[in-house]
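Engineer: Got a predicted structure plus its sequence, pasted below:
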2 protein chains.
Amino acid sequence: MFPNRLKDAADRVQAHLDTVMTPMGDLPVVQAMRYASAGGKRLRAFLVLESARLHGVPVDRAIWAAAAVEALHAYSLVHDDLPCMDDDDMRRGLPTVHVKWDQATAVLAGDALQSLAFELLAHPECGGAQVRADLVLGMARAVGAQGMVLGQALDIAAETAPQPLTLDQITHLQAGKTGALIEWAATAGPVMAGADPAPLRDYARALGLAFQIADDILDVEGDAATVGKAVGKDADAGKATFVSLLGLDGAKARAAELIEQAHAALGPYGDQAQTLREAARFVISRQS
Amino acid sequence: MFPNRLKDAADRVQAHLDTVMTPMGDLPVVQAMRYASAGGKRLRAFLVLESARLHGVPVDRAIWAAAAVEALHAYSLVHDDLPCMDDDDMRRGLPTVHVKWDQATAVLAGDALQSLAFELLAHPECGGAQVRADLVLGMARAVGAQGMVLGQALDIAAETAPQPLTLDQITHLQAGKTGALIEWAATAGPVMAGADPAPLRDYARALGLAFQIADDILDVEGDAATVGKAVGKDADAGKATFVSLLGLDGAKARAAELIEQAHAALGPYGDQAQTLREAARFVISRQS
């Protein structure tokens, strides 16, 4: 069930991004936007569409929010890969934007992908005005200096810190860097339906942390060709990770525990949330 | 009248930015956000507040949009100054963000200033949900791959183009790079009031183009100490500008003509728009 739903979300969101980017022409910066927002697991889009389905939000409304979160995620990856940031040459098995084009194009394409995300959320077909304003406010907070950017800034600061981060510090960093946007995605459905987002927020918080722990495990155990980007970078850099702090077995146990928490949070949805349960298991078993 | 109103807008917007950024703490990325969004002429904030005043929008609502446009403008300057973009070391007489901190901080601070702009527009105190969604949609379009980013991308492409740009091409580039956001600012008042934005849109289009022509004139005639940034860069780089295409006198004549157009567009507002008329004259007489 989950693999089909994920594939379906990926196909739908790609088609929607293609449609909205068609009128933008073919300048290098637009080519780079298309390139950067193509592919990927589309887990965030899936979370939007699945949480929308659980709350009876029509897919032709939710698709705007799903495309928005993938555009936003793509911007964060393009900027994160820049030489002055993580300096990565490969992403999803392909050259990163600043390698394929240049740094200026990567900065601009990232900037335009961020604004595209807000444009999609504010589009009249995404929902009523109150829904759109709520989605924008939530996403802006998930990005800003108390969300994703905060996490990235802490990550960079950690590189030159005299001591490796503690478990609490890494958990705080992760909550911003990847957790905030995953939470936004998983709660988009109830927000669009005007329903209580608390159960899906709890689900997303556990899922987001498990996702990052799984990333750290992949960085140690994964194979670069399968993962699609360089591995072993964190260990080589002597950075504290969930694996360096908990050990490999401890990290795996913690991830499994979080998946149990994520499952428990879905209680109110009963059998309807089976696909989200599978998604949580997928997050810690994925190979890329 | 205009200098007082501009000063008043600058004071109000600075106070509002200070207030909204206080809870963000004191990480380098947040310090950089404060630094980058301090100072400047605040012409965009003035346009928001003045167009709001003309339409009876309370200043405690309009201030959110005024702060948003200045946060957005600040993001664009921080990224524009990066070594991979215009590579400027000085801005408003002070070191640019990547010089004072580093490039990673400049990329992140710019990213967070963009998301802050949308956060401010979507804030409940900025207006009703429909107003907020409209403001977000308009600003997202003013930024994206058919607005400011388009202009910046065309600007970069022009540097390696085999031939200098034509007058039409430069006008198109400018309409995106600086025009779209000036238009957003000048029409924010009618948008917030649910009124017809057409007269202020026409005003803003003439004003925006005059503003850029004045910039090109300053680049030739200005003094770096007064302007607060390097001058003569465009001429040294052999870039086509309004001055290189029209001559210095031709550029001044064109700017004066545009100011007449801007004045004419304000007809429907009668004497109420006196301050906007003065603002238009200021734009072509400014020394920085």
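Structural biologist: Right, received. Where do you want to start? Computed from a prediction, not measured in an experiment: that's the story for all the values here.

Engineer: residues near A:I284, how many?
Structural biologist: Neighbourhood size, A:I284 [other CB atoms under 10 Å in any protein chain shown]: 20. (C-beta placed from N, C-alpha, C; glycine too.)

Engineer: Chain B versus that one, what's the distance?
Structural biologist: As judged by CB to the nearest CB, to the nearest Å, A:I284 and chain B stand 29 Å apart.

Engineer: Spell out the secondary structure type for that residue.
Structural biologist: Under DSSP: H, G, I helix; E, B strand; the rest coil, A:I284 falls in the helix class.

Engineer: wait, what's in contact with it?
Structural biologist: With contacts defined as CB atoms under 8 Å, 6 or more residues apart in numbering or on different chains, A:I284 is in contact with A:A210, A:F211, A:I213, A:A214, A:K252, A:A255, A:A256, A:I259.

Engineer: filter those residues to the buried ones?
Structural biologist: Buried by 16 or more other CB atoms under 10 Å in any protein chain shown: A:A210, A:F211, A:I213, A:A214, A:K252, A:A255, A:I259, out of these.

Engineer: For those, work out which two are farthest apart.
Structural biologist: Within the buried ones among the contacts of A:I284, two members stand farthest from each other by CB to CB: A:F211 and A:K252, at 13.7 Å.

Engineer: Residue in the stretch 151-288 of chain A with the shortest distance to chain B?
Structural biologist: Across the stretch 151-288 of chain A, the shortest distance to chain B (CB to the nearest CB) belongs to A:A153, at 4.1 Å.

Engineer: what mean pLDDT does stretch A:189-204 have?
Structural biologist: Mean pLDDT, stretch A:189-204: 98.

Engineer: That stretch vs chain B: in contact?
Structural biologist: No. Applying CB under 8 Å from any CB of the partner chain, one finds stretch A:189-204 separated from chain B by no less than 12.0 Å.

Engineer: Please report the separation between the first and final residues of that stretch.
Structural biologist: End-to-end distance for stretch A:189-204: 12 Å, by CA to CA, to the nearest Å.

Engineer: Distance from it to the middle of the chain?
Structural biologist: Centroid separation for stretch A:189-204 versus its chain: 17 Å, with CA atoms, centre = their mean, to the nearest Å.

Engineer: which residue ranges form the helices in the stretch 151-288 of chain A?
Structural biologist: Per DSSP state H, counting those that start in this stretch, the stretch 151-288 of chain A carries helices over the ranges A:167-174, A:180-193, A:198-221, A:224-227, A:233-236, A:242-265, A:274-285.

Engineer: ranking the ones you listed by burial, who's on top?
Structural biologist: helix A:180-193 (a mean of 26; mean count of other CB atoms under 10 Å in any protein chain shown).

Engineer: Show me what it is packed against.
Structural biologist: helix A:43-54, helix A:59-80, helix A:129-143, helix A:148-159, helix A:198-221 (3 or more CB pairs under 8 Å, 6 or more residues apart in numbering or on different chains; DSSP states H and E).

Engineer: Can you flag the weakest of the ones you listed by average pLDDT?
Structural biologist: helix A:148-159 (a mean of 91).

Engineer: in it, what counts as buried?
Structural biologist: Applying 16+ other CB under 10 Å to helix A:148-159 flags A:M148, A:V149, A:L150, A:G151, A:Q152, A:A153, A:L154, A:D155, A:I156, A:A157, A:A158 as buried.

Engineer: Tell me which residues touch A:L121, please.
Structural biologist: A:L121 is in contact with A:W64, A:A65, A:A68, A:R132, A:L135, A:V136, A:M139, B:V136, counting by CB under 8 Å, 6+ apart.

Engineer: repeat that for 10 Å
Structural biologist: Taking CB atoms under 10 Å, 6 or more residues apart in numbering or on different chains, we find A:L121 in contact with A:64-65, A:67-69, A:71-72, A:127, A:131-140, A:188, B:118, B:122, B:133, B:136-137, B:140.

Engineer: so it is in which element?
Structural biologist: Under the criterion of DSSP states H and E, A:L121 resides in helix A:103-122.

Engineer: With just CA atoms, put that helix into CSV.
Structural biologist: Provided in CSV are the C-alpha atoms of helix A:103-122 (Å, rounded to 0.1, in the frame of the first residue of the first chain):
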residue,chain,number,x,y,z
GLN,A,103,27.0,29.1,-7.8
ALA,A,104,25.1,32.2,-8.8
THR,A,105,22.5,30.0,-10.6
ALA,A,106,22.2,27.8,-7.5
VAL,A,107,21.7,30.8,-5.2
LEU,A,108,19.0,32.2,-7.5
ALA,A,109,17.3,28.9,-8.2
GLY,A,110,17.1,28.2,-4.5
ASP,A,111,15.7,31.7,-3.8
ALA,A,112,13.1,31.3,-6.6
LEU,A,113,12.1,27.8,-5.3
GLN,A,114,11.4,29.3,-1.9
SER,A,115,9.2,32.0,-3.3
LEU,A,116,7.5,29.4,-5.6
ALA,A,117,6.6,27.4,-2.5
PHE,A,118,4.8,30.5,-1.0
GLU,A,119,3.2,31.3,-4.4
LEU,A,120,1.7,27.8,-4.6
LEU,A,121,0.3,28.0,-1.1
ALA,A,122,-1.3,31.3,-1.7
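
Engineer: any idea of the mean pLDDT in that helix?
Structural biologist: Mean predicted confidence for helix A:103-122 is 98.

Engineer: orientation of it relative to helix A:180-193 in degrees?
Structural biologist: Between helix A:103-122 and helix A:180-193, the angle comes out at 20 degrees (axes from the mean of the first three to the mean of the last three CA atoms, to 10 degrees).

Engineer: what about A:D26, how many residues close to it?
Structural biologist: A:D26 has 8 neighbouring residues, counting by other CB under 10 Å.

Engineer: Oops, could you answer that again for A:M1 instead?
Structural biologist: Counted with other CB under 10 Å, A:M1 comes out at 10.

Engineer: what sits against it?
Structural biologist: Counting by CB under 10 Å, 6+ apart, A:M1 has contacts A:Q274, A:T275, A:R277, A:E278, A:A279.

Engineer: and what of A:A225?
Structural biologist: A:G93, A:V231, A:S288 are the contacts of A:A225 under CB under 10 Å, 6+ apart.

Engineer: what would the helices of the stretch 151-288 of chain A look like in CSV with distance to B:R34?
Structural biologist: Shown next, in CSV, are the helices of the stretch 151-288 of chain A (distance: least, CB to CB, whole Å):
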stretch, distance to B:R34
helix A:167-174, 22
helix A:180-193, 22
helix A:198-221, 29
helix A:224-227, 38
helix A:233-236, 31
helix A:242-265, 33
helix A:274-285, 37
